[in-house]
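# got a predicted structure plus its sequence, pasted below:
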Amino acid sequence: MAEKDQGRRANASSGPLMDKKQSIGGDSFVARTKNPEWLKAREEVYAKIKARREEELSQKKPVDITITMPDGNVLDKDKSGAPFQAWKTTPNDVAVTISQGLADAATVARVTYASYVEDYNPSEDGMEGEDTLMDAMEDLSLGEDGADSGKTLLWDMMRPLVGPVSKMEFLKFNDDREAKTVFWHSSAHMLGEALEHLYGCKLTIGPPLAGGFYYDSYMGKDAFREDDCKGVEQEVTKIAKAKQKFERMVVTKEEALELFADNPFKQEILTTKVADGTRTTVYKCGDLIDLCRGPHVSHTGKIKAFATTRHSATNWLGDTDNDSLQRMYGISFPDKKQLKVWKENVEKAKERDHRRVAAKQDLIMFHDLSPGSAFWLPHGARIYKKLIEFIRAEYWQRGYDEVITPNVFNLDLWHKSGHAMHYKDDMFCFDVEGQEFAMKPMNCPGHCLLFDSKVRSYRDLPLRLADFGVLHRNELSGALTGLTRVRRFQQDDAHIYCREDQIRDEVVGALNFMKYVYDIFGMTYKLELSTRPKKALGEVELWNRAEAALADAMDTFIGKGNWRKNPGDGAFYGPKIDIKVMDAMDRVHQCATVQLDFQLPIRFDLKYTTDSKEEGKQFAKPVMIHRAMLGSVERMFAVLCEHWGGKWPLWISPRQVMIVPVHNRFNDYCETVRQKLHAAGFFVDVDTSKNTFQKKVRNAQIAQYNFQLVVGETEESNGSVNIRNRENQVEGEMKVDDFLKKLESMRDSFE
């Protein structure tokens with residue numbers, strides 16, 4: 001189904017490539033044309049440039065190199081005894097030496113170079129320029145050399161190595177997120193090739209996503225139709241069967257401009273993203289030639305299963321004043337079984353969609369007079385409050401102090417915190433007596449004011465401040481999606497102010513808190529340590545100590561080797577632990593977070609008295625830890641609704657017990673039972689309608705009551721109830737007091 005895609009984060013880019021708004025597509029696309037002539041012309045230009053690069057390569061001197069594997073094993077020759085050499089040996093050659101199966105299964109290599117050979121120049125190899133897809137891929141880490149990753153790079157399996165390798169890893173689609181990203185990036189190129197073949201459209205950008213990929217293309221006033229999807233899938237299948245090699249080639253800016261002479265969008269990227277006198281890279285598969293940093297799979301045959309998922313309209317650079325583009329989304333896998341499972345999960349997700357379930361169960365509603373802000377109906381509010389109560393009870397046990405802070409602040413606060421510079425467009429701002437105020441979009445600056453309200457001693461730390469304050473963010477109307485993207489929400493937000501030597505223990509405590517929560521939810525998780533980015537603020541030595549403390553905490557919590565490092569993907573203000581949780585459909589959600597912050601304590605000049613008498617050391621700045629277990633309560637509600645498919649466990653269920661009399665003369669006894677269970681804190685209803693007994697039981701099951709209690713003459717005489725559970729299993733007769741104990745036991749054990 002076609003849709004208008006206006007959401008800010010769904011746009012092709014979050015950062016502008018152009019300095020001003022303009023239309024550049026013009027008549028570069030006039031009508032759909034199969035296999036347009038310019039494909040051949042582009043290949044001819046490519047061939048000329050390739051000849052130049054081959055001449056340059058012929059001047060390189062192959063030298064013997066060694067390859068060290070993760071287990072410490074050092075390889076220096078292939079199975080035939082020929083030495084591994086720079087400029088000749090590829091990761092695929094190394095993998096084949098170990099086993100052909102490994103080479104076939106590997107998507108990409110992750111290579112840590114001990115050094116480069118003397119005649120290798122990263123600039124000459126197109127490795128030092130700006131990644132032309134970086135804006136569109138800002139939420140993905142492709143393993144490029146971040147500020148602290150040295151010479152660790154993702155490397156094409158068929159790309160010759162350029163120095164001795166101190167660590168070579170082979171990443172597989174099923175085991176590694178970066179491998180999936182590369183796999184889907186290559187699939188996007190295949191999608192682009194199909195679009196050029198079928199329609200002759202002008203490609204713009206085609207990045208991988210967290211779960212698939214898309215390609216944006218310019219088609220003038222034309223647009224994708226529903227029947228286009230099948231044709232694209234058939235064309236991609238042909239491309240996959242052809243096993244076209246992905247070929248990397250370095251080009252100068254001038255050569256690239258010649259290559260893409262008939263594509264104004266690629267020209268614009270080159271003009272604004274690639275500096276004069278520098279080089280960049282392109283990749284070729286079949287007759288597709290695309291501006292790209294890579295890396296890619298070895299050939300198109302690696303993609304065994306492909307499907308288009310949807311299409312939409314968007315705009316160049318996400319700006320509605322720019323050219324209208326057509327976006328096609330896709331998904332792919334290395335085998336057809338995985339695509340089948342994915343499709344089944346998609347159908348299951350549709351059935352479990354929280355918007356559908358919430359409407360069916362009368363949990364929430366929205367109104368046009370307050371877009372992006374949910375109305376919590378009585379039964380939905382029960383779940384919402386229970387989630388907050390659940391976290392609040394743990395705060396009591398884990399040494400947190402809950403605070404309440406204002407919803408509205410003078411914008412001076414946000415200038416001081418730095419948020420106004422980068423975040424003002426996402427804030428609701430308004431005038432108050434000639435001064436600019438704003439609704440708070442986060443709690444952290446307010447908590448800094450609390451910390452700074454009195455003199456703090458090292459003995460006061462750690463100070464754990466929790467806040468369920470209401471937050472507002474001015475999301476674009478087109479980006480609002482149920483409860484997963486809203487304008488009004490609450491978080492189980494807390495900030496820990498601690499000494500540097502307390503970081504490890506506080507992080508371990510936060511991770512144990514997270515484990516407790518998600519074990520109860522029945523969700524698994526993975527941890528990643530995101531380290532210092534290129535735009536980091538603060539001293540490198542402080543970052544190094546903080547990252548070491550986080551790594552130590554993760555080792556203590558989950559064990560060495562059970563978490564991964566995400567180089568260069570930390571926040572500018574400090575390293576963080578990314579917590580990826582998986583639901584019942586194996587979808588990944590990022591809800592909980594643990595982040596270190598050095599900058600807010602500096603901006604607010606926070607300090608505490610130390611135990612030192614030495615001049616200049618009597619005061620120190622605290623480290624601030626941002627942490628949340630649920631994240632947004634609204635979003636967690638949506639995640640859990642879909643995770644459980646609307647079958648809420650008893651402890652959080654908004655409809656726990658329905659009492660069903662077999663005749664209306666037992667209504668009074670039903671009410672007596674209801675009042676007793678209600679007094680113990682349970683949500684209990686009595687069906688006194690004129691429906692048949694069978695209809696009453698069925699209605700209770702459809703409404704997802706955890707239990708139906710059937711009451712008749714025997715039950716009234718015995719002071720009992722006859723129990724059926726939600727799955728229509730008859731558990732039999734039980735005394736009311738015993739049933740109450742059963743409920744209390746289930747509630748207390750989070751069943």
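All right, it came through fine.

# surely residue 546 meets residue 595?
No - counting by CB atoms under 8 Å, residue 546 stays clear of residue 595, with 10.6 Å between them. Heads up, the C-betas are built off the backbone N, CA and C, glycines and all.

# between these two, what contacts are shared?
574-575 (CB atoms under 8 Å, 6 or more residues apart in numbering).

# and the strands in the stretch 451-600 of the chain?
456-457, 463-467, 470-472, 488-498, 524-530, 564-566, 576-582, 588-597 (DSSP state E, counting those that start in this stretch).

# mind putting those strands into JSON lines with distance to residue 194?
Formatted as JSON lines, the strands of the stretch 451-600 of the chain follow (distance: least, CB to CB, whole Å):
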{"stretch": "strand 456-457", "distance to residue 194": "62"}
{"stretch": "strand 463-467", "distance to residue 194": "50"}
{"stretch": "strand 470-472", "distance to residue 194": "43"}
{"stretch": "strand 488-498", "distance to residue 194": "40"}
{"stretch": "strand 524-530", "distance to residue 194": "33"}
{"stretch": "strand 564-566", "distance to residue 194": "32"}
{"stretch": "strand 576-582", "distance to residue 194": "31"}
{"stretch": "strand 588-597", "distance to residue 194": "28"}
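
# worst mean pLDDT among those strands?
Within those, confidence is poorest for strand 564-566, with a mean of 87 (mean pLDDT).

# parallel or antiparallel, which strands does that one pair with?
strand 524-530 (parallel) (DSSP bridges).

# CA atoms only: put the partner strand into CSV for me.
In CSV, the C-alpha atoms belonging to strand 524-530 read as follows (Å, rounded to 0.1, in the frame of the first residue of the first chain):
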residue,chain,number,x,y,z
THR,A,524,16.0,-11.5,26.2
TYR,A,525,18.6,-8.9,25.7
LYS,A,526,22.1,-8.1,24.3
LEU,A,527,24.5,-5.5,25.5
GLU,A,528,26.8,-3.3,23.4
LEU,A,529,29.4,-0.8,24.7
SER,A,530,29.4,2.3,22.5
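
# starting at the chain centroid, how far to it?
12 Å (CA atoms, centre = their mean, to the nearest Å).

# next one: stretch 88-107
For stretch 88-107 - counting by CA atoms, centre = their mean - the centre lies 31 Å from the chain centre.

# same question, stretch 594-608
Per CA atoms, centre = their mean, the centroid offset for stretch 594-608 relative to its chain is 26 Å.

# give me the distance between the two termini of that stretch.
23 Å (CA to CA, to the nearest Å).

# any buried residues in that stretch, and which?
In terms of neighbour count (16 or more other CB atoms under 10 Å), stretch 594-608 has its buried residues at 594-601, 604, 606-608.

# please apply the same query to stretch 526-533.
Under 16+ other CB under 10 Å, the buried positions of stretch 526-533 are 527-533.

# now those residues as TSV including distance to residue 286?
As requested, the buried residues of stretch 526-533 are exported to TSV (distance: CB to CB, whole Å):
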residue	distance to residue 286
527	40
528	35
529	39
530	36
531	38
532	40
533	36
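
# which one of these is nearest residue 487?
Using CB to CB, residue 530 comes nearest to residue 487 of the buried residues of stretch 526-533, at 27.5 Å.

# from what I see, the closest one and residue 579 are in contact.
No - with contact defined as CB under 8 Å, residue 530 does not count as touching residue 579 (11.0 Å).

# show me where the stretch 1-150 of the chain dips below the pLDDT cut-off.
1-21, 130-150 (pLDDT under 70).

# now do the helices in it.
38-58, 91-98, 100-105 (DSSP state H, counting those that start in this stretch).

# what's the most buried one of these?
helix 91-98 (a mean of 20; mean count of other CB atoms under 10 Å).

# does anything pack onto that one? Which helices or strands?
strand 74-75, helix 100-105, strand 106-113, strand 165-172 (3 or more CB pairs under 8 Å, 6 or more residues apart in numbering; DSSP states H and E).

# residues in contact with the third one?
Outside of strand 106-113, the residues that reach it under the criterion CB under 8 Å, 6+ apart are 91-92, 94-95, 143, 150-157, 161-173, 176, 178-180, 182-183, 295-297, 302, 334.

# now with 6 Å?
With contact meaning CB atoms under 6 Å, 6 or more residues apart in numbering, strand 106-113 is reached by 91, 95, 151-155, 157, 163, 165-173, 179, 182-183, 295, 297.

# before we move on, what about the first one?
Strand 74-75 has contacts (CB under 6 Å, 6+ apart) with 66-68.

# ranking the residues you listed by neighbours, who comes first?
residue 67 (23 neighbours; other CB atoms under 10 Å).

# I'd say it and residue 91 touch.
No - counting by CB atoms under 6 Å, residue 91 is not a contact partner of residue 67; they are 8.7 Å apart.

# what's the closest non-adjacent residue to residue 641?
Excluding the flanking residues, the one nearest residue 641 by CB to CB, 6 or more residues apart in numbering is residue 354, at 4.0 Å.

# that neighbour contacts residue 642, correct?
Yes - counting by CB under 6 Å, residue 642 is a contact partner of residue 354 at 5.3 Å.

# can I get the CA coordinates of stretch 81-91 in PDB?
What follows is stretch 81-91, C-alpha atoms only, in PDB (Å, rounded to 0.1, in the frame of the first residue of the first chain):
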ATOM      1  CA  GLY A  81      51.800 -23.300   0.400                       C
ATOM      2  CA  ALA A  82      51.700 -19.900  -1.400                       C
ATOM      3  CA  PRO A  83      52.400 -17.100   1.000                       C
ATOM      4  CA  PHE A  84      49.800 -14.500   1.800                       C
ATOM      5  CA  GLN A  85      50.700 -11.200   0.300                       C
ATOM      6  CA  ALA A  86      49.500  -7.600   0.500                       C
ATOM      7  CA  TRP A  87      47.700  -6.400  -2.700                       C
ATOM      8  CA  LYS A  88      46.800 -10.000  -3.600                       C
ATOM      9  CA  THR A  89      45.400 -12.000  -0.700                       C
ATOM     10  CA  THR A  90      41.800 -11.400   0.200                       C
ATOM     11  CA  PRO A  91      39.800 -12.400   3.400                       C
END
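
# what's that stretch in contact with?
By CB under 6 Å, 6+ apart, stretch 81-91 touches 60, 62-65, 76-77, 109, 117, 155, 157-158, 160-163.

# just the buried members of those?
65, 109, 117, 155, 157-158, 160-163.

# which ones among those residues lie within strands?
109, 155 (DSSP state E).

# spatially, which two of the buried ones among the contacts of stretch 81-91 are the most separated?
117 and 157 (19.8 Å).

# before we move on, the earlier item: same list (the contacts of strand 74-75) but as TSV, adding distance to residue 423.
Shown next, in TSV, are the contacts of strand 74-75 (distance: CB to CB, whole Å):
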residue	distance to residue 423
66	49
67	46
68	45
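
# and which of those is nearest to residue 207?
residue 67 (30.8 Å).

# give me every residue that touches that closest one.
If you count contacts by CB under 6 Å, 6+ apart, residue 67 has them with 75, 94, 165, 168.
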